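# what would the 3D arrangement of this be:
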Amino acid sequence: MTHLSSMTAFAQATTVSNGYQISWELRSVNHRYLDNQFRLPETLRALEPTARELLRQRITRGKIDATLKLEPDLSEPSLELNTVLLGQIVSAAEEISRTVPSAAAPNALDLLKWPGVLTNPQVDQTLLLRAAADLFESALEQLVNARNSEGRRLGDLLEQQFATIEEIIAFVRPLGDDIMQLQQRRLQRKLEELQVQADPARLEQEIALLAQRADIREELDRLGIHVEEARQLLNSQGPHGRRLDFLSQELNREANTLGAKASQSEVSQKAIDLKVVIEQIREQVQNIE
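Numbering: from 1, shown residues only. Got it, this is the predicted structure:
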């Protein structure tokens, strides 16, 4: 079973508490390290350290944008209008209109949404903080589940790509085993074209040297080893994103060497196919935690 986690996900959670609607939005994208940014209303700013610690316990890599919205619940009958603050906002809006005539004036709903315009005299700040903290845990759980779900899909794609690499290795390996005979035939054909008689011992030495330079079995072996290690990572507890990224670079290096050594058109073509598959792998692992 794949245990990968993607760094790309989204989660949202909403609740109503103490006359307010509380909403969390969590967005996650790929990043080399764990980088989080919180946007919270000042009245709930004290929640940030706790939320950061909860996030750090569940996620090790990715850029996380966490936004907390706190809006009055208009269905509650106990809300009161802060006329002093409202007057200040209206005066400021009028001043803006005089300075910038093209600026749009705020409507009534915009004014009501302004923090502090609608107040609830019965609000218990401690309960409000607790509700926001509980909601954050719920949103974080959704985010982690979404990252895990996407990770499983990425794992399935990687499995398919690793299988393709193994098919290419299986196709090329018999060709690599015939390198000695191929080089011998080529060299002898060349000598016949030139009508040159070569010393058998020297001919054997040259054939061995050419075969050694064109020997691709070591590259094929290393490709297989890297694929096997990557498979083990897929089926073990992560995070493995950095290690998989490193292995994709190693796979690419072996594919380049294979292409450079290729002495047969079939091997050259398969080396190109191999690089295409490895590039797809490199793109996928960029999103893995």
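
# where exactly do the strands run in the stretch 51-200 of the chain?
Counting by DSSP state E, counting those that start in this stretch, the segments of the stretch 51-200 of the chain that form strands are 62-72, 80-81, 118-119.

# what pairs with the first one, parallel or antiparallel?
This points to strand 62-72. Pairing partners of strand 62-72, with direction, according to DSSP bridges: strand 20-29 (antiparallel), strand 34-39 (parallel).

# may I see the buried residues of the shortest one?
Using 16 or more other C-beta atoms under 10 Å as the test for burial, strand 34-39 gives 34, 36, 38. Using the backbone N, CA and C atoms, a C-beta is placed for each residue, glycine as well.

# and if you look at stretch 144-152?
Neighbour counts using 16+ other C-beta under 10 Å place 144, 146-148, 150-151 of stretch 144-152 among the buried residues.

# so residue 9 is in contact with residue 154, correct?
No: when contacts are counted by C-beta atoms under 8 Å, residue 9 is not listed as touching residue 154 (11.8 Å).

# the more surrounded of these two?
residue 9 (24 against 21; other C-beta atoms under 10 Å).

# what residue ranges in the stretch 151-289 of the chain score low on pLDDT?
Along the stretch 151-289 of the chain, segments meeting pLDDT under 70 span 176-215, 263.

# the buried residues of stretch 144-152 into TSV, with extra columns for distance to residue 101?
As requested, the buried residues of stretch 144-152 are exported to TSV (distance: C-beta to C-beta, whole Å):
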residue	distance to residue 101
144	50
146	46
147	48
148	53
150	49
151	53
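
# just the pLDDT for the nearest residue to residue 90 once chain neighbours are set aside.
If you skip the residues right next to it in sequence, residue 90 has residue 111 as its closest partner in space, 7.4 Å away by C-beta to C-beta, 6 or more residues apart in numbering. We note a pLDDT of 79 for residue 111 in this prediction.

# residues contacting residue 111?
Contact partners of residue 111, counting by C-beta atoms under 8 Å, 6 or more residues apart in numbering, are 86, 89-90, 117.

# circling back to that earlier point, as CSV, the strands of the stretch 51-200 of the chain with mean pLDDT, distance to residue 3 and mean neighbour count would be great.
CSV is the format used below for the strands of the stretch 51-200 of the chain (pLDDT from 0 to 100; distance: least, C-beta to C-beta, whole Å; neighbours: other C-beta atoms under 10 Å):
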stretch, mean pLDDT, distance to residue 3, mean neighbour count
strand 62-72, 92, 16, 19
strand 80-81, 75, 52, 12
strand 118-119, 72, 47, 19
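
# can you tell which of those is closest to residue 279?
Minimum separation from residue 279 across the strands of the stretch 51-200 of the chain (C-beta to C-beta) falls at strand 62-72, 22.7 Å.
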